[in-house]
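[1] This is the structure alone, sequence omitted:
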């Protein structure tokens, strides 16, 4: 079974530029998550989708971050404009559904450096 | 105060040692407790999870939860160099794997 695919693996941009990350979840997984992991910290949930609807985006900085999951499969996370403090690894995860014991599987992440 | 506290390490041990990794938390609503392993430049992978208090064993790994003390542990027996990674604890209230709150992770180095 293929895992969660993310691209690009690495991205370097200047502050105030825009950037987008792409995630392809495991086939059949209805729930998709985006996490931000700053160096030396644990992942922090940014947004959760159930199919193509947003379940939780309470920790998403909506003034600069946006995410969508068109057709309930692939998802993109966008930052516009980027700030230095956005430098982090952006992890996508997916799970079959929202049942309590349903494990979330993580992708390898996109490492963003804002200079 | 962070909701979940975890010593960042690094923790260096010789091969074959018993490793103890710990987290403390402040939110008494947490009911699900997970341990993830994260190798360098990889995403976290689930090692074990427990619900409420008690122990759970899986091969060389044992997870313990003490809700009265708000303290969880992961023990690794007969540690191997391949166990060298960052170990993240994560917790949630009644949402299972949703809305996970992670610790900062403890970096473990097992030397041959």
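    Nice, I can see it. Just so we're clear, the structure is a prediction, and the values are computed from it rather than from any experiment. Numbers count the residues shown, from 1 in each chain, chains lettered A, B, ... in the order given.

[2] When you work out contacts or count neighbours from here on, use the C-alpha atoms and nothing else.
    Fine.

[3] could you give me the average pLDDT of stretch A:2-18?
    In this model, stretch A:2-18 has a mean pLDDT of 96.

[4] near chain B, anything from it?
    No: Stretch A:2-18 stays out of contact with chain B when judged by C-alpha under 8 Å from any C-alpha of the partner chain, the minimum separation being 9.5 Å.

[5] again with stretch A:20-40
    Yes: counting by C-alpha under 8 Å from any C-alpha, chain B has neighbours in stretch A:20-40: residue A:40.

[6] Would you indicate which residues of that stretch are buried?
    For stretch A:20-40, a neighbour-count test (16 or more other C-alpha atoms under 10 Å in any protein chain shown) marks A:21-26, A:29-38 as buried.

[7] Residue B:21: which of the residues you listed is nearest?
    The closest of the buried residues of stretch A:20-40 to residue B:21 turns out to be residue A:37 (C-alpha to C-alpha; 20.4 Å).

[8] Dihedrals phi and psi, the most centrally placed residue in chain A?
    Centroid-nearest residue in chain A, with C-alpha atoms, centre = their mean: residue A:34, separated by 2.8 Å. Per-residue torsions, residue A:34: phi -120, psi 130 (degrees, to the nearest 10).

[9] so what's it bridging to?
    residue A:47, residue A:92 (DSSP bridges).

[10] give the contact list for it.
    A:45-48, A:77, A:90-93 (C-alpha atoms under 8 Å, 6 or more residues apart in numbering or on different chains).

[11] Same question for residue A:21.
    Listed by C-alpha under 8 Å, 6+ apart, the contact set of residue A:21 reads A:6-8, A:76-78, A:110.

[12] just the buried members of the residues you listed?
    A:6-7, A:76-78, A:110.

[13] Now render the residues you listed as a markdown table, adding secondary structure.
    Converted to a markdown table, these look like this (DSSP: H, G, I helix; E, B strand; the rest coil):
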| residue | secondary structure |
| --- | --- |
| A:6 | strand |
| A:7 | strand |
| A:76 | strand |
| A:77 | strand |
| A:78 | strand |
| A:110 | strand |
